[in-house]
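Colleague: Take a look and give me a structure for this.
(one chain, ligands or ions: 2)
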Amino acid sequence: MQDIIGTGVRRHHDNLLQVFRSYYQLTKPRIILLLLMTTIAGMVLASHGRVDPVLALATVAGGAMAAASANTINCLYDCDIDYIMERTRSRPIPSGRVQPRDAALFAASLAIASFTLLATFANLLAALLAMSGIVFYVLIYTHFLKRHSTQNIVVGGAAGAIPPLVGWAAVTGDLGWAPWVVFAIIFFWTPPHFWALAMMIRDDYAAVGVPMLPVIEGDEDTARQIWLYTLLLLPLTLLLVYPLHVSGAIYGATAIALGAIFARKAWQLLADPHDREKARSLFKYSISYLMLLCVAIALDCLPLSQHVTSTIAENLPQWLGAIGPM
Ligand code: HEM
Ligand SMILES: CC(C)=CCC/C(C)=C/CC/C(C)=C/COP(=O)(O)OP(=O)(O)O
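Modeller: Ligands and ions are numbered 1, 2, ... in the order given. Presented below is the predicted three-dimensional model:
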């Protein structure tokens, strides 16, 4: 008898775990992690590394819920094509694990909770920016552009660039040049990030009639455009050092090193646009690139880093003098 009850409880527990896992998958959690890193970068920049922990926690939670809501609505809207594409077939809605109505309720609750949290613990601007991220991603990207334009992700990429604005606004209550530069970095990073992936899986997109650039214009043109966006992205990353002076030498050196690797991978793809391994390598690297760039922004703002940077700046002429004329 006890065995039967035990098995029943275990089965109920397993089912509950399955349900949690399905809703968790619906939010595309790994993408949220990177979006949050950009939010944290925005907060750290705005507060010169001294973020209030309660505000930080509320902003991260509110930002995560807004992105989770946007991703859930995207899964709901796209479930017809997700059902056909191999990469997306096993997602919770096409595989029947979550009913569309439940997903809609889930997304609405997340958006309301996000707005409430951000408006209460941060400010109205941060809350409205997060909501505009959801609206832009769902309406402009998912509804208007994704299935109708080869420039879908160029314009749609603006939604993914909003989280650092949320982070900055949560700290300061307004916006300035620095957060808009981080916005622009992510905006120009998105086409190489996504088109590299789209080159790998363009047959999937072709099968469902989504006009991603590699499907319509082919590999050569896509590789050329990736190269162009990469060339625009790299100098943009340095604007935080000069003329904005919100980041220092540690960030600057990291941005140059990371950018050089990015440029090398984009160049290799340009030289061999049909090589899917080169596209895969650029796609994977694009994720590490943005993560590390955000880590560098945060590290650079720590008081210790600022001390190291100012010591180097003060003593550099003396050290160079000691080396003597070259
Ligand atoms: C319009 C803009 C964007 C498009 C169309 C796009 C598209 C994609 C797609 C289709 C994937 C593959 C996901 C999968 O295999 O299920 C992906 C992966 C990923 N994207 Fe993007 N992306 C965009 C912007 C962003 C932004 C702004 C971020 C974060 C700042 C981001 C972070 C990631 C990460 C971390 C992954 C890897 C997820 C994993 O490991 O499964 N993406 N992206
Ligand atoms: C502030 C705020 C809430 C911003 C929201 C930003 C956001 C959720 C960006 C996500 C970008 C992304 C992963 C696009 C992929 O969509 P897709 O439909 O092309 O991908 P798929 O084919 O994998 O479904």
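
Colleague: what about residue 85, distance to residue 104?
Modeller: The gap separating residue 85 from residue 104 is 22 Å, by C-beta to C-beta, to the nearest Å. In short, each C-beta sits where N, CA and C put it, glycine included.

Colleague: which of these two has more neighbours?
Modeller: The neighbour comparison of residue 85 against residue 104 (other C-beta atoms under 10 Å) goes to residue 85, with 18 against 13.

Colleague: my read: residue 49 touches residue 297, true?
Modeller: No. Counting by C-beta atoms under 8 Å, residue 49 does not reach residue 297; the two are 9.9 Å apart.

Colleague: more neighbours, those two?
Modeller: Using other C-beta under 10 Å, the more surrounded residue of residue 49 and residue 297 is residue 297, with 29 against 18.

Colleague: Now do the same for residue 241: helix, strand or coil?
Modeller: Put simply, residue 241 is coil when judged by DSSP: H, G, I helix; E, B strand; the rest coil.

Colleague: residues contacting it?
Modeller: Residues in contact with residue 241 (C-beta atoms under 8 Å, 6 or more residues apart in numbering) are 247-249, 251-252, 255.

Colleague: Closest to ligand 1 out of those?
Modeller: Ligand 1 has its nearest neighbour among these in residue 255, at 16.3 Å by C-beta to the nearest ligand atom.

Colleague: ok, back up a step: among the contacts of residue 241, which are in strands?
Modeller: If you go by DSSP state E, these have nothing in strands.

Colleague: wait, residue 184 sits on residue 236?
Modeller: Yes. Residue 184 lies in contact with residue 236 (C-beta under 8 Å); the separation is 5.5 Å.

Colleague: ok, back up a step: just the contacts of residue 241 that are near ligand 2?
Modeller: Among the contacts of residue 241, not one lies near ligand 2 by C-beta under 6 Å from any ligand atom.

Colleague: Now do the same for the residue in the stretch 101-250 of the chain that ligand 2 sits nearest to: its pLDDT.
Modeller: Proximity of the stretch 101-250 of the chain to ligand 2 (C-beta to the nearest ligand atom) peaks at residue 133, 2.4 Å away. We have a pLDDT of 98 for residue 133.

Colleague: so who does it touch?
Modeller: By C-beta under 8 Å, 6+ apart, residue 133 lies in contact with 66-67, 70, 159, 162-163, 166.

Colleague: For the chain, which residue occupies the most central location?
Modeller: Computing the C-alpha centroid of the chain and ranking residues by C-alpha atoms, centre = their mean puts residue 35 first, at 3.8 Å.
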